[in-house]
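Have a look; sequence and predicted model below, questions after that.
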Amino acid sequence: MMDSKAPMPWIGLYAAVASLIWTLSLVIDLVTSVRHRKLWFPCRYSALNAASLTVLAIAVKLSMDLTTPMEGSYDQDAKSTSTTFLCVSTTHFMPSLGSMSEGDIVVNLTALGILIVTLTVNVTIQVFTGVIEDHFQVVIVFMNVYAFIVLSSSALTVFTSKRYLERKYND
């Protein structure tokens, strides 16, 4: 009979590798923008798409896990860090909206919204049941929800601005 805690190190390693991959893509975009003297971060390697959302979902797995208590301070910090990681990534997706079609924006924002709602509900459950002892997590979650609202509002502006600019260009 296998111990139920045996796969935990592998799951942690899986989440750590996904976090490393996502961090490297963010750093590559940062270095590219600095090297080309751009004031905004181009989202070439970390754009809002299905692949990046999948890697991000794996990276924030620790804060989504409701089955493992994770009582140590390192475990609590890992949950807090992965929640913050999603918040930072949500704000980083802003420049990638300009290069997407309307359908892509809707699909990708829906997928990101599902991820954020799931994370919000899971962290709230964990805070109220005492699994997460740091109540600052709730602040991070609300900042993440706010960042998603701003991202969604900006997406609506992108729709209108693109149509207006294309119409002006064609006239």
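Received it, and whenever you're ready, just let me know what you need.

the bottom helix or strand of the protein by mean pLDDT?
helix 61-64 (a mean of 75; mean pLDDT, DSSP states H and E).

Using PDB, write down the CA coordinates of that one.
Taking only C-alpha atoms (Å, rounded to 0.1, in the frame of the first residue of the first chain), the coordinates of helix 61-64 have been written out as PDB:
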ATOM      1  CA  LYS A  61      -1.500  24.800  -7.700                       C
ATOM      2  CA  LEU A  62      -0.200  25.100  -4.200                       C
ATOM      3  CA  SER A  63      -2.700  27.800  -3.300                       C
ATOM      4  CA  MET A  64      -5.500  25.900  -4.900                       C
END
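
name the helices or strands packed onto the helix or strand that that helix is followed by?
Where DSSP states H and E defines the elements, the next helix or strand beyond helix 61-64 is helix 73-92. Under the contact criterion of 3 or more C-beta pairs under 8 Å, 6 or more residues apart in numbering; DSSP states H and E, helix 73-92 touches helix 8-35, helix 50-59, helix 61-64, helix 102-129, helix 136-170. Where you see a C-beta, it was placed from the backbone N, CA and C, and this is true even at glycine.

Excluding chain neighbours, what is closest to the most centrally placed residue in the chain?
Nearest to the mean C-alpha position of the chain, by C-alpha atoms, centre = their mean, lies L86 at 3.2 Å. Closest residue in space to L86, ignoring its immediate chain neighbours: V60 at 4.9 Å, by C-beta to C-beta, 6 or more residues apart in numbering.

pretty sure the residue nearest to the centre of the chain is touching T118, no?
No - here L86 does not reach T118: they are 10.4 Å apart, not a contact under C-beta atoms under 8 Å.

So which of the helices and strands packed on helix 73-92 is nearest E71?
Proximity to E71, assessed across the helices and strands packed on helix 73-92 by C-beta to C-beta, is greatest for helix 102-129 (11.8 Å).

now the angle from that closest one to helix 136-170?
Interaxial angle of helix 102-129 relative to helix 136-170 (axes from the mean of the first three to the mean of the last three C-alpha atoms, to 10 degrees): 170 degrees.
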